[in-house]
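1. Give the three-dimensional model of this entry:
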Amino acid sequence: QVQLTESGGGLVQPGGSLSLSCAASENIFKLPLMGWYRQAPGKQREFVANIGSGGNPKLVDSVLGRFTISRDSAKNTLYLQMILLKPEDTGVYFCYGLDWAGNNYWGQGTQVTVSS
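-> Okay, here's the model as predicted:
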């Protein structure tokens with residue numbers, strides 16, 4: 001069972017930046033696909049970005065040009081760098097990983113609040 005632990009959330013003003021990390025308890029080669037979802041208050045969880053073990057990042061249109069997803073196999077960590085943050089980016093950000101057997105693993109989430 002892979003455990004995922006997010007960190008890096010917080011409160012930031014509109015236009016600001018944050019960098020999220022997701023540390024895996026095991027080698028992320030076991031997770032050929034990793035990514036981020038977010039959930040705003042009163043809304044369903046929505047896809048933000050994902051990346052395969054060979055790269056090929058995908059991002060939802062609303063964050064294109066502002067968010068960057070990457071993964072570091074040496075550190076067993078997934079990242080989400082966010083710039084030009086907007087109030088609508090507010091929510092709990094969840095890291096997930098999909099293993100070769102098709103099992104999904106989720107972190108507990110980290111809160112991102114964009115507000116002046």
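2. count of residues packed around the residue lying closest to Pro41 once chain neighbours are set aside?
-> Excluding the flanking residues, the one nearest Pro41 by CB to CB, 6 or more residues apart in numbering is Gly91, at 7.4 Å. In this view, the C-beta of every residue, glycine as well, is placed from N, C-alpha and C. Neighbour count for Gly91, taken as other CB atoms under 10 Å: 21.
3. Bridging across strands, which residues link to the closest residue to Gly8 other than its chain neighbours?
-> Of all residues not flanking Gly8 in the chain, Leu20 sits nearest, at 4.2 Å (CB to CB, 6+ apart). Leu20 forms beta bridges with Leu80, as assigned by DSSP bridges.
4. Next up, the contacts around Leu20.
-> Listed by CB atoms under 8 Å, 6 or more residues apart in numbering, the contact partners of Leu20 are 6-9, 36, 79-82, 93, 95, 110, 112.
5. Now with 10 Å, please.
-> The contact partners of Leu20, by CB atoms under 10 Å, 6 or more residues apart in numbering, come to 6-10, 36, 48, 67, 69, 78-82, 93, 95, 110, 112.
6. Can you give me every residue that contacts the nearest residue to Ser7 once chain neighbours are set aside?
-> Leaving out its chain neighbours, the residue that sits closest to Ser7 by CB to CB, 6+ apart is Ser21, at 5.1 Å. By CB under 10 Å, 6+ apart, the contact set of Ser21 is 5-9, 72, 75, 77-81, 95, 110.
7. Lys30 now?
-> Applying CB under 10 Å, 6+ apart, the residues contacting Lys30 are 2, 24, 53, 76, 97-101, 103, 105.
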